[in-house]
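Chemist: Below are the sequence and a predicted model; questions follow.
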Amino acid sequence: MYTNCHTYYSLRYGTFSEVELIALAKQHGIDCLALTDINSTSACLNFIKECQEEGLKPVVGIDVRNGITQEFVLLAKNNNGYQEINVFLSEHLHEKKAFPVKAPVFKNCFIIYSYEKVLELELTEFNGDEFIGVSIKDASRLKFSKYKSYHEKLVIQQQVTFRSKKDFNAHRLLRAIDLNTLLSKLPSKEESHLDNRMFPKNELLEHYTEFETILSNTTNILNKCKVHFDFNDNRSNQNQMIYLESKEQDFNYLKQLCQERISNRYSVITKVITDRIEKELNAIEKMDFVSYFLINNDILEYARSRNYPYIGRGSGSNSIVAYILGITNVDPIELDLYFERFINVFRSSPPDFDIDFSWKDRDDITNYIFERFSNTALMGTYVTFQYRAVIRELGKVFGLPKEEIDNFLNGYRSKRNEANSEYIRLITVYAKLIHGFPNYLSVHSGGILITQKPVAYYTSTFLPPKGFPTVQFDMNIAEEVGIFKFDILAQRGLSKIKDCIELVKENQPNTDIEDIEHTEIFKNDPNINGLLKTGDCMGVFYVESPAMRTLMTKLRTDNYLNLVAASSIIRPGVSNGGMKNEFILRHRIPEKRKEAHPIMLKILHETYGVMVYQEDVLKVAHEFAGLSLSESDVLRRGMRGKVKSKSEFEAIEIKFKLKCKEKGYTQALTEEVWLQIKAFAGYAFAKGHSASYAVESYQSLYLKKYFPLEFMTAVLNNGGGFYNIETYVHEIAKCGGKAQVPCINNSNFENKIIGKTVFLGLGMIKGLELRTAQKILNERQLYGDFKNFDDFLNRVFIGLEQTILLLRINAFRFTGIDKHMLLWEVHIKFNHKQKSESVPQLFNTTSKTFKIPDIRTNHVIEAYDQIELLGFPLGSYFQLLDEPIDDFIKVKDLRQFIGRRISIYGKLVTAKGTPTADKRLMHFGTFLDSDGDVFDTVHFPEISKKYSIKSNGIYLIKGKVVDDLGSLSIIAEYVERQPMRLDPRYNEKSHKLVT
């Protein structure tokens with residue numbers, strides 16, 4: 001009976017979900033209703049699914065509006081009509097054009113104009129699918145109108161937007177947020193009406209008793225509407241199913257590719273390899289996943305043709321076919337990877353390839369996919385209202401000062417807070433209600449859909465700034481209806497590798513570089529493995545963080561398999577079960593491996609009886625407890641929160657424990673193993689995922705070891721990594737190079753290496769405009785280096801302020817003239833004769849020279865200018881200490897002091913706060929000593945609370961040196977930030993430049 005219902009996917013308008021709409025309908029005895037969100041089909045698929053499960057008949061469409069003004073409502077008669085609606089809506093959303101006042105012709109849709117709109121447009125003629133919608137409040141007016149005689153065209157159109165007055169209030173607040181206005185100034189025309197709510201069926205019909213046919217008309221059009229999709233267990237794969245002309249051609253082509261490329265991966269082809277290929281191909285064909293492999297291969301063929309680096313990871317690394325095709329770079333035979341984790345007969349969704357590209361290349365890859373495949377869109381996602389953000393928004397709506405809202409959020413109470421206590425109460429109530437509502441549509445981080453049918457068959461699309469059509473629903477309902485995303489992701493580690501190789505070719509043109517794909521050479525290089533063992537991995541993908549460096553030191557990581565394990569046990573899943581330390585001990589002390597239960601040790605012999613990878617859950621559930629592979633996979637998915645219901649997971653837990661009892665295990669052992677599984681809680685990596693990361697780490701380690709300066713330059717040019725830019729600039733000195741501030745004649749926009757000198761780029765200078773850098777670089781490229789300061793002023797017109805920035809950073813040091821003298825000179829010249837860029841001169845005139853005193857800067861002034869313009873000094877912070885420090889311990893001395901209390905000075909690199917079990921905050925610090933060597937500190941809650949390590953600078957740390965399996969750290973007992981010398985130009989005690 002309801003032909004115009006809204007959910008909160010009518011953004012910043014609706015007030016409840018599609019699930020709550022269905023519950024409301026059931027409560028009111030309604031067995032058929034239409035979801036018509038405003039300019040959105042986001043909720044349609046889930047609405048259809050939920051209605052099917054609840055025994056209601058779903059009808060879907062849209063409420064077409066320009067702003068708040070309703071033009072008409074569209075209802076889809078069938079799936080083709082739903083597609084028509086999506087095409088129509090997408091066209092207007094993409095082009096940002098207004099919707100027509102009068103609906104165009106639709107072949108498979110009903111069109112309902114509100115009674116108000118009919119009066120406004122003075123419509124007198126309606127085609128067969130057009131109707132007049134009459135709300136309850138319109139019914140009393142209709143009997144006095146000429147339209148009461150349009151018996152066949154009248155239908156019920158009681159809009160449903162609210163359940164209660166509270167919903168209506170929330171609606172008004174959302175409208176005020178949307179319009180960025182005070183609630184008191186919200187125009188009434190921007191609101192819906194309080195009576196736009198659902199009534200019980202009998203009560204609704206009472207309002208239309210004077211109109212004989214209105215009920216039958218409404219029932220008739222709703223009965224004619226049937227949009228159907230299958231979901232979950234009944235779904236079929238909606239992805240593109242054929243790559244060539246037929247499934248047979250596709251499978252033959254896949255086999256052909258394997259035959260052609262196998263020798264690229266294996267020099268000796270054993271029976272183990274051929275059996276594995278045959279097994280996988282049979283499963284891929286049986287599960288109808290052939291096209292999925294071929295489409296991924298097609299995308300990567302394009303990447304290879306463009307020399308784009310990439311890495312295939314995720315459970316796809318468990319496939320030898322993927323390895324042979326070059327989709328992944330991990331050998332599943334070498335690592336004994338569990339193929340059934342990737343594909344098995346119990347899995348209805350396609351296998352999962354996560355493919356990372358450089359952040360510089362990803363957009364071009366995406367563009368290729370859209371051009372290559374017909375039915376393509378980006379995966380959408382909804383950014384929801386978060387509680388604290390809603391508090392701030394509602395504070396603005398109620399007109400409360402920002403300071404007052406800040407105080408409220410921080411738990412402070414003031415007299416003003418008390419005066420506005422009623423507003424605060426209302427804000428709190430409605431913030432809790434609005435929290436979790438969808439706020440706006442966004443784009444999934446990497447999901448791309450390639451469907452068999454047109455994308456509009458499933459949803460409308462919008463056009464985000466990058467210009468690729470994006471669906472109006474998220475990945476959850478997409479998977480439930482059978483649409484599975486391709487993950488095309490971006491990262492900076494790959495671009496560091498690519499850029500480093502290019503820098504080596506430019507800076508060392510006669511040097512041989514190994515093929516970066518030949519990782520076997522790197523894995524077996526003791527010099528590269530030595531970096532892992534000592535944690536000397538600054539800038540290296542995935543292994544540079546303090547936690548990872550510490551772990552590798554403890555593990556004495558010196559080979560590929562160790563690194564694969566480290567990449568996984570660093571995750572919370574293993575740590576939460578207390579098994580990270582157990583793994584380290586069993587790795588370091590072979591005798592402790594005997595402590596593992598013999599059955600667990602046999603199943604997980606490679607990891608000493610400790611569960612480390614996602615695959616281990618399947619192995620233990622199947623081999624230890626005797627669950628079937630199907631049940632084991634439910635268990636694995638359950639630990640990641642991907643089962644349909646909690647009860648399903650609980651049922652598997654009960655069966656797991658019963659099976660263990662049948663096998664004669666003690667209850668203590670069963671509980672211990674089960675707790676290990678639960679501790680994974682979705683955090684564990686697939687082994688292939690860890691292996692993929694390890695391969696990329698080895699590629700970076702090779703470059704770090706043999707081309708350290710080019711590698712660090714590439715790291716800088718890609719925004720750094722775990723640490724701040726300053727850390728990587730200082731790493732250049734540790735690698736035997738010299739970093740210099742930007743230079744007018746040597747720097748590019750990005751950082752540049754010449755020999756062993758890294759010139760920081762013009763783009764590093766804060767406040768320097770992009771167009772300024774472009775002018776300088778264009779002039780230099782066209783007419784050569786600048787001869788002197790006057791030559792620069794004559795050739796480049798950038799204004800006084802931009803010139804001063806270049807002078808302060810000492811970009812004209814090639815002239816040999818102190819920058820302070822040049823600063824005086826530029827002020828005098830700009831004051832006496834300022835040239836206009838719009839009036840070029842035929843000949844450069846000689847600039848008038850002025851007698852300027854011999855003024856010199858010093859290293860302190862240089863350092864403070866660098867801090868202001870770059871964010872850090874190129875020299876050591878230790879040189880800026882107010883009082884020099886004499887004898888003190890350095891990192892190289894620490895092993896002599898294990899178990900003893902020491903004092904050490906360090907430049908803060910990073911400090912990470914971590915909550916303890918009792919919810920107190922402790923910190924882990926990373927510092928550099930005056931030699932540039934790294935040391936780590938532990939600040940337990942009492943020390944962390946007493947001594948802050950948030951500010952940049954040099955700290956004196958007093959504490960005890962501890963050795964944890966070879967990894968040294970200092971348990972801090974006292975921390976004090978050391979006073980720094982003041983900038984002499986702003987020091988009240990000094991009235992002149994220090995020379």
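Modeler: Ah, there it is. Residues are numbered from 1 along each chain as shown.

Chemist: pLDDT at N344, what is it?
Modeler: Looking at N344, its pLDDT reads 63.

Chemist: Tell me how many other residues surround L982.
Modeler: 15 (other CB atoms under 10 Å). C-beta: built from backbone N, CA, C; applies to glycine.

Chemist: can I have stretch 441-458 written out in PDB, keeping just the CAs?
Modeler: This file holds the C-alpha atoms of stretch 441-458, laid out as PDB (Å, rounded to 0.1, in the frame of the first residue of the first chain):
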ATOM      1  CA  LEU A 441      29.000   8.100  -0.700                       C
ATOM      2  CA  SER A 442      32.700   7.400  -1.200                       C
ATOM      3  CA  VAL A 443      34.900   5.000  -3.100                       C
ATOM      4  CA  HIS A 444      36.200   1.700  -1.800                       C
ATOM      5  CA  SER A 445      40.000   1.700  -1.400                       C
ATOM      6  CA  GLY A 446      40.700  -0.700  -4.300                       C
ATOM      7  CA  GLY A 447      37.600  -2.600  -5.400                       C
ATOM      8  CA  ILE A 448      36.600  -2.700  -9.000                       C
ATOM      9  CA  LEU A 449      33.600  -4.600 -10.400                       C
ATOM     10  CA  ILE A 450      33.500  -6.300 -13.800                       C
ATOM     11  CA  THR A 451      30.100  -7.800 -14.300                       C
ATOM     12  CA  GLN A 452      28.500 -10.000 -16.900                       C
ATOM     13  CA  LYS A 453      25.400  -7.800 -17.200                       C
ATOM     14  CA  PRO A 454      25.500  -4.000 -17.400                       C
ATOM     15  CA  VAL A 455      26.300  -2.400 -14.000                       C
ATOM     16  CA  ALA A 456      23.000  -0.600 -14.100                       C
ATOM     17  CA  TYR A 457      21.200  -3.900 -13.900                       C
ATOM     18  CA  TYR A 458      22.200  -3.900 -10.200                       C
END
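
Chemist: how about it: buried residues?
Modeler: Across stretch 441-458, burial judged by 16 or more other CB atoms under 10 Å covers 441, 443-444, 446-452, 455-458.

Chemist: State the pair within those residues that is farthest apart.
Modeler: Largest separation among the buried residues of stretch 441-458 by CB to CB: L441 and Q452, giving 24.3 Å.

Chemist: Out of the buried residues of stretch 441-458, which sit inside strands?
Modeler: Secondary structure assignment by DSSP state E places L441, V443, H444, G446, G447, I448, L449, I450 of the buried residues of stretch 441-458 in strands.

Chemist: Nearest to Q259 among these?
Modeler: The closest of those, once distances to Q259 are taken by CB to CB, is I450, at 26.1 Å.

Chemist: ok, now which ones touch that closest one?
Modeler: Neighbouring residues of I450 by CB atoms under 8 Å, 6 or more residues apart in numbering: N239, Q240, I295, I369, F373, N375, T376, F486.

Chemist: ok, now which ones touch the second one?
Modeler: Pointing back at Q240 there. S291, I295, F373, N375, I450, T451, Q452.

Chemist: Using the centroid of this structure, identify the residue furthest from it.
Modeler: In the chain, the greatest distance from the average C-alpha position (CA atoms, centre = their mean) is reached by F144, at 58.8 Å.

Chemist: can you pull the pLDDT of the residue nearest to Y147 when sequence neighbours are not counted?
Modeler: Once flanking residues are discounted, Y147 sits nearest to I132: 6.1 Å by CB to CB, 6 or more residues apart in numbering. pLDDT, I132: 96.

Chemist: Please, which helix or strand holds I132?
Modeler: strand 130-134 (DSSP states H and E).

Chemist: I am finished for the moment; much appreciated.
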